[in-house]
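Student: I would like to see how this sequence folds:
(one chain, ligands or ions: 1)
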Amino acid sequence: CAKKAKTPKDSSNELAVCRVLLADLEAHQDAWPFLSPVQHKSVPGYRKVIKKPMDFSTIKEKLTNNLYLNLENFIVDVNLVFDNCQRFNEDDSEIGRAGHRMRRFFDKRWTELLQFF
Ligand SMILES: Cc1nnc(-c2cnn(C)c2N)n1CCCn1ccnc1
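Tutor: Now for the predicted structure:
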């Protein structure tokens, strides 16, 4: 069927979903490693290994400054947080396990919310 043209209302709805999703991520008990940027100056190797650092506070900043044009761009940055975590941390580590739990939570949450759009 013909693809529905995206209206400004659609994108403002999508951005509202992004704000809800981000608030849910920040409120999660396993969010602590991801709330602010990794202090790469005090984490040997981080800047070398992780080319595109990302964290929830940076995502919030981008959302506030309208740098996400749609839900997809937002989801790409959230997944970057979890991919960076998996790359730099063992699965069997405190931070590694938190990353897996947060990714599972996020995937469940945005698919739940998607049914409303
Ligand atoms: C996110 C994330 N991925 N790796 C780290 C990290 C920071 N230091 N070390 C040795 C890591 N593997 N992080 C940031 C975790 C931020 N944190 C650590 C303790 N409280 C917050």
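
Student: can you count the residues close to Asp77?
Tutor: 20 (other Cβ atoms under 10 Å). Using the backbone N, CA and C atoms, a C-beta is placed for each residue, glycine as well.

Student: Any figure for the gap between Ser11 and Asp77?
Tutor: Look at Ser11 and Asp77: by Cβ to Cβ, to the nearest Å, they are 16 Å apart.

Student: Which positions in this structure make contact with the ligand?
Tutor: Residues of the chain found near the ligand (Cβ under 6 Å from any ligand atom) are 32-34, 38, 43, 85, 88-89, 95.

Student: May I see these organised as a markdown table, with secondary structure added?
Tutor: Listed next are these as a markdown table, based on DSSP: H, G, I helix; E, B strand; the rest coil:
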| residue | secondary structure |
| --- | --- |
| Trp32 | helix |
| Pro33 | helix |
| Phe34 | helix |
| Val38 | coil |
| Val43 | coil |
| Cys85 | helix |
| Phe88 | helix |
| Asn89 | coil |
| Ile95 | helix |
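
Student: Only alpha carbons, please: show the helix or strand hosting Arg97 as CSV.
Tutor: Using DSSP states H and E, Arg97 maps to helix 94-114. Coordinates of each C-alpha in helix 94-114 appear next as CSV, following Å, rounded to 0.1, in the frame of the first residue of the first chain:
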residue,chain,number,x,y,z
GLU,A,94,29.3,-6.0,36.4
ILE,A,95,29.2,-3.4,33.6
GLY,A,96,28.9,-6.1,30.9
ARG,A,97,25.9,-7.7,32.6
ALA,A,98,24.3,-4.3,33.2
GLY,A,99,24.6,-3.5,29.5
HIS,A,100,22.9,-6.8,28.5
ARG,A,101,20.1,-6.2,31.0
MET,A,102,19.6,-2.6,29.8
ARG,A,103,19.6,-3.6,26.1
ARG,A,104,16.9,-6.3,26.8
PHE,A,105,14.8,-3.8,28.7
PHE,A,106,15.1,-1.2,25.9
ASP,A,107,14.2,-3.7,23.2
LYS,A,108,11.1,-4.8,25.1
ARG,A,109,10.1,-1.2,26.0
TRP,A,110,10.3,0.4,22.5
THR,A,111,8.5,-2.5,20.9
GLU,A,112,5.7,-2.1,23.5
LEU,A,113,5.4,1.6,22.8
LEU,A,114,5.6,1.2,19.0
